[in-house]
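Peer 1: This is a predicted model, with the sequence first.
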Amino acid sequence: MLLQEKQTGNLVEVLDLESLFNPAEAEIQGRIQDGQEEQDPTPFSKTVLLFPSGEDLPLCWRDADYRKL
């Protein structure tokens with residue numbers, strides 16, 4: 001799955017979908033999609049990522065207490 005970094009607009013390949021969907025995990029492992037060379041895995045905070053369409057990630061992926069809001 002590809003997401004986009006808010007500040008730079010770079011596409012990020014999510015390496016572990018389980019951590020993306022788990023609201024108890026604040027970071028995911030991903031690779032910036034830049035050029036021909038495959039980049040090294042890097043941790044990304046879920047708060048700096050969004051869908052390529054510009055939509056934020058669902059709250060249930062980011063906040064374990066989302067039902068209390």
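Peer 2: Sure, I can see it.

Peer 1: where's the closest residue to residue 54 other than its chain neighbours relative to residue 50, distance?
Peer 2: Excluding its sequence neighbours, the residue lying closest to residue 54 (Cβ to Cβ, 6 or more residues apart in numbering) is residue 4, at 7.9 Å. Any C-beta I mention is one placed from the backbone N, CA and C, and that applies to glycine too. In this view, residue 4 and residue 50 are 6 Å apart by Cβ to Cβ, to the nearest Å.

Peer 1: in the protein, which spans are strands?
Peer 2: 2-5, 11-14, 27-32, 42-45, 49-50 (DSSP state E).

Peer 1: before we move on, the earlier item: so the residue nearest to residue 54 sits right up against residue 13, yeah?
Peer 2: No: assessed by Cβ atoms under 8 Å, residue 4 is found out of contact with residue 13, at 11.1 Å.

Peer 1: Those two: who's more crowded?
Peer 2: residue 4 (18 against 15; other Cβ atoms under 10 Å).

Peer 1: Now residue 10: closest residue in space that isn't a chain neighbour?
Peer 2: The nearest residue in space to residue 10 (Cβ to Cβ, 6+ apart) is residue 32, at 5.0 Å.

Peer 1: Pull the number of nearby residues for the one you found.
Peer 2: 17.

Peer 1: Ok, the one 5 residues further on next?
Peer 2: Residue 37 has 6 neighbouring residues, counting by other Cβ under 10 Å.

Peer 1: how far away is it from residue 67?
Peer 2: On the measure of Cβ to Cβ, residue 37 and residue 67 end up 42 Å apart.

Peer 1: now residue 13
Peer 2: Plainly put, residue 13 is 30 Å away from residue 67 if you go by Cβ to Cβ.
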